[in-house]
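A.B. asks: Give me a model of this one.
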Amino acid sequence: MVINSQSIVGKIVAENYKAASIFKKYNIDFCCNGNRTIADACNKKQIDENRLIDELSETINTKEAGDIDVKLFPLDLLTDYIEKTHHRYVEKKIPEITPFLQKVVSVHSGSHPELIEVEQLFFDSTKDLSAHMKKEELMLFPYIRLLVKTQLSDGKKPQTGIGSAATYIEQMEQEHTAEGERFRRISELTGNYTPPEDACNTYRVTLSLLKEFEEDLHRHIHLENNILFPRSIQLEQQLER
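C.D. replies: Down below sits the predicted model:
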C-alpha cells in the first residue's frame with residue numbers, strides 16, 4: 001500500500017487497521033472524521049507530513065501472525081462480527097463502568113468537579129449507543145444481509161422499511177459523530193484519561209475502563225463508517241441497475 005499526502009485517512013485504516021495506532025499517537029480522528037487527506041490532517045494538527053507518512057508505511061508493512069483482515073469479510077459476516085464483537089462489548093461494559101464512575105464522582109467530584117460532566121456525558125452516551133445499536137441490529141444489519149442474499153441469487157434490490165441503505169446510513173453516521181464528540185470531550189476533561197495525583201485505585205481503574213471503551217468505540221465506528229457502510233451502499237446501487 002502506497003501512502004502519500006493525498007491519501008484519505010479513513011481509507012488507510014480500512015486497508016490496514018494497524019495504521020490506527022499511528023493516527024491515535026498524533027490524535028488524528030480516523031473514524032468520524034476519516035474523510036480527510038493526510039495533508040489536511042497534518043495541516044490542522046501542525047504535524048510533519050513526511051514523518052507521519054514514514055511511520056504509517058513502516059507500521060502497515062510489518063506483517064504479524066494472526067492479523068484479521070476484516071476488509072475481506074463478506075458484508076453479512078462483517079455485520080455478525082460487529083454485533084458479536086463490538087455491540088456485545090458495549091453491552092457488557094456499560095453496567096461495569098457505571099457503578100465505578102458513580103463511586104468516583106461521589107468521592108472525588110468535590111476536588112475534581114469535571115467528573116460530574118464526565119458522568120453525564122457517559123450516561124448520555126450509554127443511552128444513545130444502546131438505542132443506536134438496536135436500530136442497527138433490527139433494521140440496518142438485517143437489510144444488509146438481505147442485500148447479500150439477493151446478490152447471491154441474482155435478484156433485484158429488496159424492498160425495505162428503511163427506505164434505502166444510503167439514507168439510513170447517513171443517520172447512523174450522524175449518531176456516530178455525536179458519540180465521537182462526547183468521548184473527545186471526556187478525554188479532554190480527564191487529560192486523556194490521566195489519573196490525578198490524589199486518585200485512588202477505583203479512580204484509576206475507572207479512567208482505564210473509559211479509555212478502553214473509547215478505543216473500542218473508535219474501531220467500532222471505523223468498521224462501519226469506512227468499510228461496512230460504503231460497501232453496503234455500493235452493493236445496493238449495483239442491485240438497483
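A.B. asks: Where is the longest helix in this protein?
C.D. replies: helix 165-189 (DSSP state H).
A.B. asks: elements contacting it?
C.D. replies: Helix 165-189 makes packing contacts with helix 114-135, helix 141-152, helix 201-222, helix 229-240 when contacts are defined by 3 or more CB pairs under 8 Å, 6 or more residues apart in numbering; DSSP states H and E. Where C-beta positions appear, they are placed from N, C-alpha and C, glycine not excepted.
A.B. asks: which one of those helices lies closest to residue 40?
C.D. replies: Shortest distance between residue 40 and the helices and strands packed on helix 165-189, using CB to CB, is found for helix 201-222: 18.0 Å.
A.B. asks: Buried by neighbour count: which residues of the closest one qualify?
C.D. replies: 203, 206-207, 209-211, 213-214, 217-222 (16 or more other CB atoms under 10 Å).
A.B. asks: ditto for stretch 178-198
C.D. replies: 179-180, 182-183, 186-187, 189-190, 193, 195.
A.B. asks: mind putting those in a markdown table, distance to residue 9 and pLDDT included?
C.D. replies: Shown next, in a markdown table, are these (distance: CB to CB, whole Å; pLDDT from 0 to 100):
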| residue | distance to residue 9 | pLDDT |
| --- | --- | --- |
| 179 | 18 | 95 |
| 180 | 14 | 93 |
| 182 | 21 | 96 |
| 183 | 18 | 96 |
| 186 | 22 | 97 |
| 187 | 18 | 96 |
| 189 | 25 | 97 |
| 190 | 25 | 97 |
| 193 | 23 | 96 |
| 195 | 30 | 93 |
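A.B. asks: out of the residues you listed, who's nearest residue 144?
C.D. replies: residue 179 (20.4 Å).
A.B. asks: contacting residues around the closest one?
C.D. replies: Residues near residue 179 by CB atoms under 8 Å, 6 or more residues apart in numbering: 32, 125, 128-129, 132, 217, 221.
A.B. asks: before we move on, back to that, for the helices and strands packed on helix 165-189, which one sits closest to residue 16?
C.D. replies: That would be helix 201-222 among the helices and strands packed on helix 165-189, by CB to CB, at 11.7 Å.
A.B. asks: And residue 68, what's its pLDDT?
C.D. replies: We have a pLDDT of 68 for residue 68.
A.B. asks: Likewise for the one 10 residues further on?
C.D. replies: Predicted confidence (pLDDT) at residue 78: the value is 96.
A.B. asks: part of a helix, is it?
C.D. replies: Yes - per DSSP: H, G, I helix; E, B strand; the rest coil, residue 78 lies within a helix segment.
A.B. asks: My read is that it contacts residue 69, right?
C.D. replies: No - assessed by CB atoms under 8 Å, residue 78 is found out of contact with residue 69, at 11.4 Å.
A.B. asks: For this protein, give me the ranges with low pLDDT.
C.D. replies: Along the chain, segments meeting pLDDT under 70 span 63-68, 241.
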